[in-house]
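Asker: All I have is the shape, not the residue letters:
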């Protein structure tokens, strides 16, 4: 049984990553590809690495014939999914890779995104797309809101620790090293090769990054009390990957045990032996997340490192994982691609 | 029907690449992994990116029980396959990724590798592993000699032109840009990150590179006269990929037409529209080779650019492609992985 | 004796490189910095690496008080210098880093740049800025036209060979590997980090690159007959540097001897021992050009490799070298900075 | 007045960096270069980027004629300086770039380096080489112990805060991003280009890094009570640079004010406006350290970012700065080289 999908926003990196994954997915076929400014172009001209595939020509969203589409992946700039989803036939399932439906509370959305939500009536319907923690809800959902890539990386490290009341909620510091593809394909001077290739640069430091909205929502919900982490992303000259160093107060061995137990049966989350920390380069091109725990010389302090590929497990891989559940396929279908190293 | 393979030399990059490909191959399973100095280690410790796989522990070659092995991939340093192949049971098919059986003439071997061949009686049996040109012989072979990665890249560009007598055989200049992984995982000062990361460096210039032995053998055979190309590889700070700029004298349109016709039905070789040249980054992580032809302002001169991933299509992907033929599988089985970009 | 300079177009990479060099130049001070769109900004905000310097605020060109300016460096987009130079006081000497005055023949300019020259009356006055070959003319010039960065790299390799009639003029192939900073700081999708960081991509292949206008002009003049080289630049993921592989027909030893003799007394051009080729990473951040010659296995064929830093010796360093001559300073003043490696 | 120096360990990166700096230093000349295994080689063959310089041939240390040497830079592997310094004439001043004399207490040395010190009698004489904080002692010293590169980066951020009692001493977390050249030129598999170029990898996490010995010594001394920071270095694929993210508890504005005041007159330490964080790429190739402070959304928490070039300000630049003081030169002599960007 094959299902047909549309990819909206196929000229961006997460769009291309969806095509890459679906290229060897046994049960999905691509029925439509949209791109606003590049409509009319062939995908081979927009992304020559996909040249060997027989793909539909790019169209605008309103040119799509939805009758044959089972599910749409929306890889659109923030804010565009809201209006779109309202207008789609109810028969089309939606995995939104953007930020529009991640926050359940309209006030939170307005706080972090600076304007009221355009489709607040859909917010309650949207299921938060962190598959390993919302699996059952995702299976039955029509609309799934993919998580932020940073948000996924850090939550894999911290959710079991907050659930288990294993760490001090007031002292959580997450310092991330971020691959550049997370900034997307849009033109910004600070994303030029010459600006980034020998640089490390933090951004949105001090509590301004929008993914904090997701952390606050999820961690506060789990803890049953307000939780605010400190969070700094730092651009490093690598295409793919997020490496999160989470500094927490708690017993390192207990923390490791909780993570190992929580993910023992998860196909995509691998916990390393105690004392080992994972490396960003070892998950690139894959849907895997590697987690490690190292105890500090100061008793009661631990470093929890979590790493994944922002374009895959942090975005498009997660999206396919969720689509698999929504369409009744095996959750790992098409996603067991091994990381590419070196 | 599943076949069982052994990977000899699994602690090197081509060994790891074989495991990566086989991880999602529908009909191959790994029965043994060998590594001389790292015998006894777990593959997850040697290559943590393969951590999610259930793999045999590394052993020495003589610890392998060959009774259950259908085919061995030999990813060994140059010179080690010769003795090995002699001692293997005749029931085990062999794909040698090294240089030991690429040259049919023992004198050629001694010329380029500086010592007599240890198993000259096996040389006639070995089939040269450039799949697209030796497909029928490979199907029936017991021993296939994988090509050099540079040798594959350039031959895809030039063989149809020499076969078609479309270019001047005395003026063929091939300037290559080479990813660093081609140097393998052995310790050399000039392969340290700090030495390579902001550098371009040619090596073995002027006719000293061993892959010239393959070019001379193949091109002279095809042309029916002695052919010696000029050939310069240049290290560029990229992990994977070879980008060959081949400067030839001949009619650009006829050259493009010959290449397009020759590869029209090949699943892994893609010829771009006339006037376009392929980019190295668009084949990484895949078994595809992209070829393009651009005419020069000087009439009768053309630039033919060929690019592939040295670890995959240039080595381990080619090896699996050959193994597929030798074991009776579909040639593309497990190899349709799309390139990883960005 | 200190002279005061203005830098026009200070918000681009060559502008910043001029400031970097002048920062430790014993006899130059910066009197004005212009940038069109960034006028009003502090240089520390445009280029934070220059934060420690006490620099003028960026202004528009028409805000500059020319009375105190001895020399202007024009690091402007192509086409803008023509009108500008006409309007400057004759007392201000000019080093133009752009392309506007490189071609002496108005017809050549129109051919390569697609429009008539706006100041053809100034073209005869402009001296071509390849210091080592136009030193005497530059000393007395009011207007010097900096060379293209590729043009400089290749001319250092080939001029002495053409002058000495040492090579076949019909078979000159130059394959270049180019650092990304040569594309400047303007916003183009294909200059994003994620597009370039794992890629090699040729561009303007086949005779379309504008620097060919310079090659044709200079080489034809030297040879006394029409000379057209084949020339391909290829982007590699490095910030700074050009590495030119020039394939020529001639006696390798004679070629090496000619180069060694020609540059024996030049402070910035270093010829390596015969058989050695220079590496791009060994000139970065400096005003040096390294040249090497390797003979091919085919008799009568040689590879001449020339490498320099496109922003320094290929542009801003050359500009200061010329300014030193024009202002009566020692030619090497401020320019003996050693390359930065690793 | 020119002084003559010897560089011991000139075949390593810090040795080459010393040569680079001294190449344009107005008052230093190089009298001897030593390298154990590469003795007899020309520096141009060991480091071709220094090819334009007229340098002594590499010798072994015992071949050096000390009579003409005013000062020796010892850029040797850990442990080798101890015996060496004992044997040098007292007339030779020494700047040790290694770890041998950084710790004043023999017990601390043994704790962090795993063996007793070979020259404990010299430990009291050695002055800790963090110039901005030991300036007066360095002026009169015979033996100066260069700091660890990480140790320098973090101390610039934290010393004024501890001195001013502005931060909670029990909650100091320093997460560093480290350029690869800090690992030196020795052969290690994990330092190969292919291993590092797309990876982020922490190391010596949890309190095992030897630079903690320096932090503990200095911070405990300043605070008058035991201070133990948490500290994690992380390798990023860049040659030069350290970027330290220091998470502290204290008033962000007061922290910024203290740093700005402390470094107002320092020539090499630049404090950015409040709320801005410096980037690693903006100090490469220079002796500058940039520091910034950002307040967190959680009141009473601040991020202090400090960045410098590990080979220059973190090692060889610091060494020359100290040598300037020891030899009576202006402290900034030869060190005002602007950073190289891009």
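Answerer: Nice, thanks for sending it over. Fair warning: this is a prediction, and the values are worked out from it, not measured in the lab.

Asker: and chain A, what are its domains?
Answerer: The record's domain split for chain A, according to automatic domain parsing, is A:3-147+A:313-327, A:150-310.

Asker: average pLDDT for stretch A:145-162?
Answerer: Throughout stretch A:145-162, pLDDT has a mean value of 98.

Asker: and that stretch, how far out from the chain's middle?
Answerer: 9 Å (Cα atoms, centre = their mean, to the nearest Å).

Asker: Over to stretch A:279-293?
Answerer: Put simply, stretch A:279-293 sits 14 Å off its chain's centre (Cα atoms, centre = their mean).

Asker: returning to that earlier point: select, out of the domains of chain A, the one closest to residue B:246.
Answerer: Between residue B:246 and the domains of chain A, the shortest separation by Cβ to Cβ is 19.5 Å, and it involves domain A:3-147+A:313-327. C-beta: built from backbone N, CA, C; applies to glycine.

Asker: mind checking the end-to-end distance for that closest one?
Answerer: One end of domain A:3-147+A:313-327 sits 8 Å from the other (Cα to Cα, to the nearest Å).

Asker: Out of the domains of chain A, which is closest to chain C?
Answerer: When the domains of chain A are compared for distance to chain C using Cβ to the nearest Cβ, the nearest one is domain A:150-310, at 4.0 Å.

Asker: sorry, back to before: most packed of the domains of chain A?
Answerer: Highest mean neighbour count among those (mean count of other Cβ atoms under 10 Å in any protein chain shown): domain A:150-310, with a mean of 22.

Asker: Columns distance to residue D:6 on top of the domains of chain A, output as JSON lines?
Answerer: Compiled in JSON lines, these are given as follows (distance: least, Cβ to Cβ, whole Å):
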{"stretch": "domain A:3-147+A:313-327", "distance to residue D:6": "52"}
{"stretch": "domain A:150-310", "distance to residue D:6": "32"}
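
Asker: Those into TSV, with extra columns for distance to chain B?
Answerer: What follows is those, written out as TSV (distance: least, Cβ to the nearest Cβ, whole Å):
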stretch	distance to chain B
domain A:3-147+A:313-327	4
domain A:150-310	4
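
Asker: which one of those domains lies closest to residue D:79?
Answerer: Of all the domains of chain A, domain A:150-310 comes closest under Cβ to Cβ, at 23.3 Å.

Asker: Straight-line length of the closest one, end to end?
Answerer: 8 Å.

Asker: Name the residues that touch the helix-or-strand element of chain A with minimal mean pLDDT?
Answerer: Taking mean pLDDT, DSSP states H and E as the measure, helix A:80-87 is the helix or strand of chain A with the lowest mean score, a mean of 88. The contact list for helix A:80-87, computed with Cβ atoms under 8 Å, 6 or more residues apart in numbering or on different chains, reads A:8, A:61, A:74, A:76, A:94, A:96, A:98, A:100-101, A:117-119, A:122, A:143.

Asker: Please repeat the previous calculation with a cut-off of 6 Å.
Answerer: A:74, A:94, A:96, A:98, A:100, A:118, A:119, A:122 (Cβ atoms under 6 Å, 6 or more residues apart in numbering or on different chains).

Asker: so which two of the residues you listed are the farthest from each other?
Answerer: Across the contacts of helix A:80-87, the longest distance by Cβ to Cβ is 15.0 Å; it joins A:94 and A:118.

Asker: ok now the least confident helix or strand of chain A, how far from the chain's centre?
Answerer: Using Cα atoms, centre = their mean, the offset of helix A:80-87 from its chain centre is 20 Å.

Asker: Heading C-terminal from it, find the next helix or strand.
Answerer: Downstream of helix A:80-87, the first helix or strand assigned by DSSP states H and E is strand A:93-96.

Asker: is the helix or strand following that next one up against chain D anywhere?
Answerer: Where DSSP H and E defines the elements, the next helix or strand beyond strand A:93-96 is helix A:106-113. No: residues of helix A:106-113 are not located near chain D by Cβ under 6 Å from any Cβ of the partner chain, the shortest gap being 11.8 Å.

Asker: Give me the contact list for the next helix or strand after helix A:106-113.
Answerer: Downstream of helix A:106-113, the first helix or strand assigned by DSSP H and E is strand A:127-128. For strand A:127-128, the surrounding residues in contact (Cβ under 6 Å, 6+ apart) are A:134, A:137, A:138, A:141, A:144, A:145.

Asker: With residue A:2 as the reference, measure out to the fourth one.
Answerer: Pointing back at residue A:141 there. According to Cβ to Cβ, to the nearest Å, residue A:141 and residue A:2 sit 21 Å apart.

Asker: For burial, what's the neighbour tally of residue A:1?
Answerer: 6 (other Cβ atoms under 10 Å in any protein chain shown).

Asker: Counting only strands, which of the contacts of strand A:127-128 make the cut?
Answerer: A:144, A:145 (DSSP state E).

Asker: Among the contacts of strand A:127-128, which pair sits farthest apart?
Answerer: Across the contacts of strand A:127-128, no pair lies farther apart than A:137 and A:145, at 11.1 Å, counting by Cβ to Cβ.

Asker: which residue ranges form the helices in chain A?
Answerer: A:13-23, A:43-46, A:80-87, A:106-113, A:131-139, A:149-163, A:193-196, A:211-223, A:252-263, A:317-327 (DSSP state H).

Asker: can you tell me which of those helices comes nearest to residue D:273?
Answerer: helix A:193-196 (20.5 Å).

Asker: Residues of chain A that sit close to chain C?
Answerer: Near chain C, when you scan chain A using Cβ under 6 Å from any Cβ, you find A:180, A:181, A:187, A:191, A:192, A:193, A:194, A:196, A:197, A:239.

Asker: got JSON lines for these, with pLDDT and distance to residue B:15 too?
Answerer: Output for the residues of chain A next to chain C, formatted as JSON lines (pLDDT from 0 to 100; distance: Cβ to Cβ, whole Å):
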{"residue": "A:180", "pLDDT": "98", "distance to residue B:15": "30"}
{"residue": "A:181", "pLDDT": "97", "distance to residue B:15": "28"}
{"residue": "A:187", "pLDDT": "95", "distance to residue B:15": "41"}
{"residue": "A:191", "pLDDT": "98", "distance to residue B:15": "36"}
{"residue": "A:192", "pLDDT": "98", "distance to residue B:15": "37"}
{"residue": "A:193", "pLDDT": "98", "distance to residue B:15": "32"}
{"residue": "A:194", "pLDDT": "98", "distance to residue B:15": "36"}
{"residue": "A:196", "pLDDT": "98", "distance to residue B:15": "33"}
{"residue": "A:197", "pLDDT": "97", "distance to residue B:15": "30"}
{"residue": "A:239", "pLDDT": "98", "distance to residue B:15": "24"}
